[in-house]
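>>> got a predicted structure here, sequence first:
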Amino acid sequence: MEQVASVWDGAEVGPEAVQLLTPQGRRVEHPSFAVDVSVQDLRGLYRDLVLARRLDTEATALQRQGELGLWPPALGQEAAQIGSGRALTAADHAFPTYREHGVALVRGVGPLELLRMFRGVDHGGWDPVATGFHLYTIVIGAQTLHATGYAMGLQRDGRVGDDGSAVLAYLGDGATSEGAVSEAFVWAAAMNAPVVFFCQNNGWAISEPTAKQTRIPLYQRARGFGFPGIRVDGNDVLAVLAVTRAALARAREGGGPVLVEAVTYRMGAHTTSDDPTRYRDPDEVAAWKARDPIARVAALLGREDPGLAEVVAEVEREAGELAERVRHGVRAMPDPGPLDMYDSVYAEPNVALARERDEHAAYLASFEEVS
Ligand SMILES: Cc1ncc(C[n+]2csc(CCOP(=O)(O)OP(=O)(O)O)c2C)c(N)n1
């Protein structure tokens, strides 16, 4: 990947979104960003995108069948997630919201590890240290503070510079209205922390459109905090990969934070508890359908890969296997005991929590005595 040295010099990079692949699947040049991807790499990205979508549609169906308590669909946001997730190195850390299922997959979090939380079996059971993918955060914007603190820790541990590590903090457009996000931006800028804020502007914060969150394009917010902001076509996996890689490289080398605004669209409901037809114009949805991130890569592969038919068949087979594994795995999950929830709150024993657990156990035992 080539990067023009001066690209980050201005406080913002714009005004147009960086694009390397048109909705029709044609590669386009950008003066500052490029990715060098072989046909093999493209096949890999296509596979990631399809698997992420399949996991998502399967989980949505499982929620509808009553097997999951809730699911936040990521339909339409696959390129933003796979492009940014694939820009991370093994030494980097991602701090997700609750919708980064595609990033989870490419970080090696097992699909069932992810779904356990949405079935209410645990609080998020994967290992953030092993995967570099931290736990889902439901409190809007809170993870941007965790990410900034973690990035400051990396800096203090001397992990910035050659072979450095960086942090990628995910947030939504609605989250930019939270005080926590402004605090994270202030600290990241003042401390020159190695953190990239990756905002998936998916058009909506539940039923609130982005226009109600901001008077200016979100990437321009970064200027006021003293670091660069850049807008990228969030449905273009190549552009997202190129821009996120460059931003992370800058952070790792000590250049400080960047805000990436990936313009995408949440095709489905906010969560399975939401009905977007109550607040969203169907024409808007149809217009975004024409910008589908997977169709774009498929169109490109159609031009560049003579073996496309076999690739599609193989990925389809793999996606089918994933779906089956998820279906059976979710149904086979044992119900947790009522006291199990106390086990994974703290890494080490905690006196106050142990007392609560004992009180709860006594309460449960009181029922047995009566009957
Ligand atoms: C601090 C806080 N306030 C309110 C909520 C309720 N809430 C859940 S999701 C959401 C909208 C988030 O929108 P956005 O940041 O754009 O992310 P998206 O879900 O669209 O990816 C809100 C307000 C919450 N979870 N946390």
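That came through, no problem. Numbering: from 1, shown residues only.
>>> bridging residues for the residue of the stretch 51-200 of the chain found nearest the ligand?
Residue nearest to the ligand within the stretch 51-200 of the chain (Cβ to the nearest ligand atom): residue 172, separated by 2.2 Å. In this view, the C-beta of every residue, glycine as well, is placed from N, C-alpha and C. Note on residue 172: beta-bridge partners residue 200, judged by DSSP bridges.
>>> isn't residue 221 right up against residue 259?
Yes. Judged on Cβ atoms under 8 Å, residue 221 makes contact with residue 259 at a distance of 6.7 Å.
>>> list residues touching both of those two?
Taking Cβ atoms under 8 Å, 6 or more residues apart in numbering as the contact rule, the neighbours common to residue 221 and residue 259 are 185, 229.
>>> for those two, indicate the residue with more neighbours.
Of the pair residue 221 and residue 259, residue 259 is the one with more neighbours under other Cβ atoms under 10 Å, namely 29 against 20.
>>> mind checking the SS state of that one?
Three-state call for residue 259 (DSSP: H, G, I helix; E, B strand; the rest coil): strand.
>>> show me what contacts it?
Residues counted as contacts of residue 259 (Cβ under 8 Å, 6+ apart) are 185, 196-197, 199, 218-219, 221-222, 227-230.
>>> now do 6 Å
Contact analysis of residue 259 by Cβ atoms under 6 Å, 6 or more residues apart in numbering lists 197, 219, 222, 229.
>>> pretty sure the first one is in a strand, no?
Yes. Following the definition three-state DSSP, residue 197 is counted among the residues of a strand.
>>> can you tell me which of the contacts of residue 259 has the most neighbours?
Result: residue 197 is most packed of the contacts of residue 259 (other Cβ under 10 Å), 31 neighbours.
>>> can you count the residues close to the residue of the stretch 51-200 of the chain closest to the ligand?
When counting by other Cβ under 10 Å, one arrives at 26 neighbours for residue 172.
>>> for residue 340, same thing?
With other Cβ under 10 Å as criterion, residue 340 counts 12.
>>> tell me the spacing between it and the ligand.
Distance, residue 340 to the ligand, by Cβ to the nearest ligand atom, to the nearest Å: 24 Å.
>>> for residue 120, see how far away that residue is.
Between residue 340 and residue 120 the computed distance is 11 Å (Cβ to Cβ, to the nearest Å).
>>> so which residue is dead centre in this protein?
In the chain, the residue lying closest to the centroid (Cα atoms, centre = their mean) is residue 100, at 3.1 Å.
>>> surely it touches residue 170?
Yes. Between residue 100 and residue 170 there is a contact at 5.4 Å, judged by Cβ atoms under 6 Å.
>>> helices of the stretch 1-150 of the chain, start to end?
Along the stretch 1-150 of the chain, counting by DSSP state H, counting those that start in this stretch, helices occupy 39-64, 78-85, 101-106, 111-119, 128-131, 142-156.
>>> ok, residues contacting the third one?
Defining contact as Cβ under 6 Å, 6+ apart, one finds that helix 101-106 is touched by 48, 52, 55-56, 74, 78, 81-82, 85-86, 94, 114, 133.
>>> apply 8 Å and report the result again.
48-49, 51-52, 55-56, 59, 74, 77-78, 81-82, 84-86, 94, 96, 111, 114, 126, 133, 170.
>>> now that helix: average pLDDT?
In this model, helix 101-106 carries a mean pLDDT of 98.
>>> what's the answer for the longest one, then?
The predicted model assigns helix 39-64 a mean pLDDT of 98.
>>> tell me what that helix is packed against?
Under the contact definition 3 or more Cβ pairs under 8 Å, 6 or more residues apart in numbering; DSSP states H and E, helix 39-64 sits against helix 78-85, helix 101-106, helix 111-119, helix 237-252, helix 293-304, helix 308-331.
>>> I figured the residue of the stretch 51-200 of the chain closest to the ligand hits residue 205, correct?
Yes. Here residue 172 reaches residue 205: they are 6.3 Å apart, a contact under Cβ under 8 Å.
>>> and the contacts of stretch 311-319?
Against stretch 311-319 from outside (Cβ under 8 Å, 6+ apart): 43, 46-47, 50-51, 54, 298, 301, 305.
>>> rerun that using 7 Å as the cut-off
Here stretch 311-319 makes contact (Cβ atoms under 7 Å, 6 or more residues apart in numbering) with 43, 46-47, 50-51, 54, 301, 305.
>>> do you know how far the residue nearest to residue 270 when sequence neighbours are not counted is from residue 238?
Once flanking residues are discounted, residue 270 sits nearest to residue 206: 4.6 Å by Cβ to Cβ, 6 or more residues apart in numbering. Going from residue 206 to residue 238 by Cβ to Cβ gives 30 Å.
>>> of these two, who's got more company?
Ranked by neighbour count (other Cβ under 10 Å), residue 206 and residue 238 place residue 238 first, with 27 against 14.
>>> and the residue of the stretch 201-350 of the chain nearest the ligand?
For the stretch 201-350 of the chain, Cβ to the nearest ligand atom, closest residue to the ligand: residue 205, 3.2 Å.
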